[in-house]
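Asker: Can you look at this prediction? I've put the sequence above it.
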Amino acid sequence: LPNFIGRYFPRQDDPDIYDFYCASMLLLLKPWRDIATDLKSPEQTWQSAFDKFHSKASLRIRHIISGIHYFYQCETSAQNARDSSKE
């Protein structure tokens, strides 16, 4: 099983770590045996490999991805509410 370093899954909406997000989602959701060849081809970027995978993913996989993104949307909204209540 993949071991994600850090608090949770990476954020989808952070451009600085988007390649890491794509690689993490592929590790988690795409079946693979050889990490060097099964997740993406050598000429693909992590983003293009993830986009291709996502476009063909089942509804269940898309719900999982949406749920991860929803977690961060809720976290951001809660943080904004806390910040505005302090003012």
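Answerer: Structure received. Residues are numbered from 1 along each chain as shown.

Asker: what packs against the lengthiest helix in the chain?
Answerer: When the chain is parsed with DSSP state H, its longest helix is helix 59-86. Where contact means 3 or more CB pairs under 8 Å, 6 or more residues apart in numbering; DSSP states H and E, helix 59-86 is packed against helix 18-29, helix 46-56. (Glycine included, C-beta is placed from N, CA and C.)

Asker: what's the closest of these to residue 86?
Answerer: helix 18-29 (30.0 Å; CB to CB).

Asker: residues in contact with the closest one?
Answerer: Helix 18-29 has contacts (CB atoms under 8 Å, 6 or more residues apart in numbering) with 2, 4, 9-12, 14, 32, 35, 39-40, 45-47, 49-50, 53, 57, 61, 64-65, 68.

Asker: 7 Å instead?
Answerer: 2, 4, 9-12, 39, 46-47, 49-50, 53, 61, 64-65 (CB atoms under 7 Å, 6 or more residues apart in numbering).

Asker: Nearest to residue 79, out of the residues you listed: which one, please.
Answerer: Among those, and counting by CB to CB, the member closest to residue 79 is residue 11, at 12.8 Å.
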